[in-house]
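> coords below, sequence missing:
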């Protein structure tokens, strides 16, 4: 067993209205960042977990996302990084 | 009839629900602690409003894993009535008792006001004491009330008569300007396909006596008595 640090991004699904993202995009526009086309505000979680190897650590975190961390109706997730902790 | 009212850490409409059931309806109400493993013989379960577990992660996401929820889901699977109000609606969606999800209000503002809803289907065990199309004044108080589901799910809800309450304007029409949170198709409350689980964002238990501004919520609880039997 080793300890792994798994980072996961969870964002509102594309196509769903994200009023927070829209408010941030509007603020960026008013600051002069004219190139901003879309902003989605989500969550970033960093999970330390013991697992025999990196792939199984990632698999377990995917299972966590499906069961609790992301809402399957409204959110998408992606594993951002897996490293030895 | 016995109503079981669940207390989660952070529930805040539990006392209002107790008062509506006990004092106004004259029925027995019992508390169900979130760590309990039995429903204490309750015929009807109320998941009250509030901010269970501080709305951490997502509203209702943690409460769904409370020990009592296993019993509530089993009760619903047996056809037992469950009423999810506000945070209770969010918990019911997270637990898979109802389709869809409740997202941050479109305005990003917490809304606390008396709103107007229209009764869309009176042939349910929660609405049979209302008249079809009846307009109700019910309070809302939430930050995450924007009902969302994919189009196929919304179409199915409509076809099955599962949309029971909709936000409307004074003329009784669905109107984006009077949809307080940006809910899809103005949806304020739905039932599951079997018709035994109701979820709604407005608070019928806070509209149980004229002295608080509206008694329009009482008929919802009376409907349950009528259909389930006292």
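Good, I have the coordinates. Remember, predicted model here, so these are calculated numbers, not experimental data.

> average pLDDT for stretch B:48-63?
On average, the pLDDT along stretch B:48-63 is 94.

> buried residues, that stretch. List them.
Buried residues in stretch B:48-63, defined by neighbour count with 16 or more other Cβ atoms under 10 Å in any protein chain shown: B:48-53, B:55, B:57-63. All C-beta atoms are positioned from the backbone trio N, CA, C, and that covers glycine.

> tell me the one of the residues you listed nearest residue B:164?
Of all the buried residues of stretch B:48-63, residue B:164 sits closest to residue B:49, with 17.5 Å by Cβ to Cβ.

> list the contacts for the closest one?
B:11, B:12, B:13, B:16, B:85, B:86, B:87, B:88, B:141, B:142, B:203 (Cβ atoms under 8 Å, 6 or more residues apart in numbering or on different chains).

> ranges for the helices of the chain?
Let's take chain A. A:19-30, A:54-64 (DSSP state H).

> wait, chain B
B:14-19, B:67-77, B:87-94, B:151-159, B:218-228.

> let me have the ones you listed in JSON lines, adding mean pLDDT, distance to chain A and mean neighbour count as columns.
Shown next, in JSON lines, are the helices of chain B (pLDDT from 0 to 100; distance: least, Cβ to the nearest Cβ, whole Å; neighbours: other Cβ atoms under 10 Å in any protein chain shown):
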{"stretch": "helix B:14-19", "mean pLDDT": "97", "distance to chain A": "24", "mean neighbour count": "20"}
{"stretch": "helix B:67-77", "mean pLDDT": "97", "distance to chain A": "13", "mean neighbour count": "18"}
{"stretch": "helix B:87-94", "mean pLDDT": "98", "distance to chain A": "7", "mean neighbour count": "29"}
{"stretch": "helix B:151-159", "mean pLDDT": "98", "distance to chain A": "9", "mean neighbour count": "14"}
{"stretch": "helix B:218-228", "mean pLDDT": "90", "distance to chain A": "26", "mean neighbour count": "20"}
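
> for residue B:36, which of these is the nearest?
helix B:67-77 (5.1 Å).

> and the angle for that closest one with helix B:87-94?
70 degrees (axes from the mean of the first three to the mean of the last three Cα atoms, to 10 degrees).

> helices or strands up against helix B:67-77?
The contact analysis (3 or more Cβ pairs under 8 Å, 6 or more residues apart in numbering or on different chains; DSSP states H and E) places helix B:67-77 against strand B:44-47, strand B:82-85.
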